[in-house]
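Asker: with the sequence up front, the predicted model follows.
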Amino acid sequence: MLRNSNGDKGECAVKIIFVRHGSTCGNLKKRYIGRTDEELCREGINQLTGRNYPDCELVISSPMKRCTQTAELIYPHIPIKIYRDLRECDFGSFEGKNYIELTGNQDYQRWIDSGGTLPFPEGEAHDSFVERTVSAFNKAVRENSDCDNMAFTIHGGSIMAIMERYAVPEGSFYDFSVPNGGGYICEYDGEKIYVSECL
């Protein structure tokens, strides 16, 4: 159902379910896991299979194993479409490390002091990551416009990027952080995302 300029619901909005992938070993150790193609760990599988997720007609997924495995566990009988640019940010030289291992690293301290806005050394700039992710989200919705109810099994950073751009009420990137297996149930009218429930 679409919302008009007065905020009323019309006929054409898409129901969207955002699900952050289940936990990996790297997640449990608080490591920066972006380009590393980790599988779900046993804890991650258990946290997904022990929950009820809303039904959908189509699953849109990042190509990373942790996301496709999440899609297959939650929605075993639903078609999955892969969008490469929904993958997580490339954390560069921070990849695979956690904050304890990065303590004393001057590049890491500069990144922290910037509020996470500096590009990751040898990795991806925040703004580039956001634009890539938002473009992929819009492409996925546009290319599947015949679908009224779709789920996105993607990364925490990818969810935050999309929500920062479109969510009502508005918030900053880190305001939309969700735990592994968590997410949002929303309506998207082509301009704004309206959150109806947190997972």
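Answerer: It's in.

Asker: is the closest residue to Ala140 other than its chain neighbours in a bridge, and if so with what?
Answerer: Take Ala140 and drop its neighbours on the chain: the residue closest to it by Cβ to Cβ, 6 or more residues apart in numbering is Ile60, 4.7 Å away. C-beta here means a position set from N, CA and C on the backbone, and glycine is covered the same way. Ile60 forms beta bridges with Lys81, Phe152, as assigned by DSSP bridges.

Asker: now the phi/psi pair for Thr117, please.
Answerer: Per-residue torsions, Thr117: phi -100, psi -20 (degrees, to the nearest 10).

Asker: tell me the contacts of it?
Answerer: His126 (Cβ atoms under 8 Å, 6 or more residues apart in numbering).

Asker: repeat that for Phe129.
Answerer: Cys89, Asp90, Gly157, Ala161.

Asker: quick revisit: do I have it right that the residue nearest to Ala140 meets Pro79?
Answerer: No. At 9.9 Å, Ile60 does not count as touching Pro79 under the criterion of Cβ atoms under 8 Å.

Asker: of the two, which one has the most company?
Answerer: Neighbour comparison, Ile60 and Pro79: the larger count goes to Ile60, with 29 against 13 (by other Cβ atoms under 10 Å).

Asker: all strands of the chain, in order?
Answerer: 14-20, 58-61, 80-82, 149-154, 167-168, 183-188, 193-198 (DSSP state E).

Asker: out of these, nearest to Gly50?
Answerer: strand 14-20 (14.1 Å; Cβ to Cβ).

Asker: show me what the closest one is packed up against.
Answerer: With contacts defined as 3 or more Cβ pairs under 8 Å, 6 or more residues apart in numbering; DSSP states H and E, the packing partners of strand 14-20 are strand 149-154, helix 156-166, strand 183-188.

Asker: most packed of the ones you listed?
Answerer: Comparing the helices and strands packed on strand 14-20 by mean neighbour count (mean count of other Cβ atoms under 10 Å), strand 149-154 comes out on top with a mean of 25.

Asker: elements contacting that one?
Answerer: Here strand 149-154 touches strand 14-20, strand 58-61, helix 65-74, helix 126-143, going by 3+ Cβ pairs under 8 Å, 6+ apart.

Asker: and the pLDDT at the residue lying farthest from the centre of the chain?
Answerer: Most distant residue from the mean C-alpha position of the chain: Gly104, 29.6 Å away (Cα atoms, centre = their mean). Here, the pLDDT recorded for Gly104 equals 93.
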